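# Kindly generate the corresponding structure for this input.
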Amino acid sequence: MKRVITYGTFDLLHYGHIRLLQRARQLGDYLVVALSTDRFNNEEKHKHCYFPYEQRKALLEAIRYVDLVIPEDSWEQKRADIREYHIDTFVMGDDWRGKFDYLREEGCEVVYLPRTPEISTSEIKQDLHEDL
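Predicted coordinates:
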């Protein structure tokens, strides 16, 4: 079984997220999604989420491409996750290109997928703010 992992906040879930998850799942047989916790988003990423962790997790678990959702609570946990979940392929959007190449040392493939250019959570939040 080929296992794939990806990481993200997945707030205000949209079709760009779905496309990323679909393409990640196509690279293997089992997709693990490491979902940023509220603490990690607030304290490390300096992001405020509309939906709390448990609701974002429930949304991801309802998507057919996702087999397992785990908490992401630090930048450093990726190596441990790759080992613990026996990951073969690490996937991120291409806006992170090169940032995680060091994970190849763990024996897994690192893939950067093109983002869906016309959609982003940041743009949705900005557009909603402008409409108020």
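
# can you tell me the helix or strand for Lys78?
helix 78-84 (DSSP states H and E).

# element containing Asp11, please.
With DSSP H and E as the criterion, Asp11 is inside neither a helix nor a strand.

# Could you do Ile70 as well?
Using DSSP H and E, Ile70 falls within strand 68-72.

# now that strand: mean pLDDT?
Strand 68-72 comes out with an average pLDDT of 98.

# Can you name every helix or strand that that strand contacts?
Applying 3 or more C-beta pairs under 8 Å, 6 or more residues apart in numbering; DSSP states H and E, one finds that strand 68-72 contacts strand 30-36, helix 53-61. C-beta coordinates here come from the backbone N, C-alpha and C atoms, glycine included.

# Out of those, which is the most enclosed?
Stretch with highest mean neighbour count among the helices and strands packed on strand 68-72: strand 30-36 (a mean of 23; mean count of other C-beta atoms under 10 Å).

# now that strand against helix 53-61, angle please.
On the basis of axes from the mean of the first three to the mean of the last three C-alpha atoms, to 10 degrees, strand 30-36 is oriented at 160 degrees to helix 53-61.

# could the helices and strands packed on strand 68-72 be laid out in JSON lines, adding mean pLDDT?
Shown next, in JSON lines, are the helices and strands packed on strand 68-72 (pLDDT from 0 to 100):
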{"stretch": "strand 30-36", "mean pLDDT": "98"}
{"stretch": "helix 53-61", "mean pLDDT": "98"}
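
# Parallel or antiparallel, list what pairs with the strand holding Ile70.
For strand 68-72, the paired strands and their directions (DSSP bridges) are strand 30-36 (parallel).

# Need the contact partners of the strand it pairs with.
1-10, 21, 24-25, 45, 47, 53, 56-57, 60, 65-72, 77-78, 81, 85, 87 (C-beta atoms under 8 Å, 6 or more residues apart in numbering).

# Not counting sequence-adjacent ones, nearest residue to Trp75?
Nearest residue to Trp75 in three dimensions, chain neighbours excluded: Glu44, at 6.8 Å (C-beta to C-beta, 6 or more residues apart in numbering).
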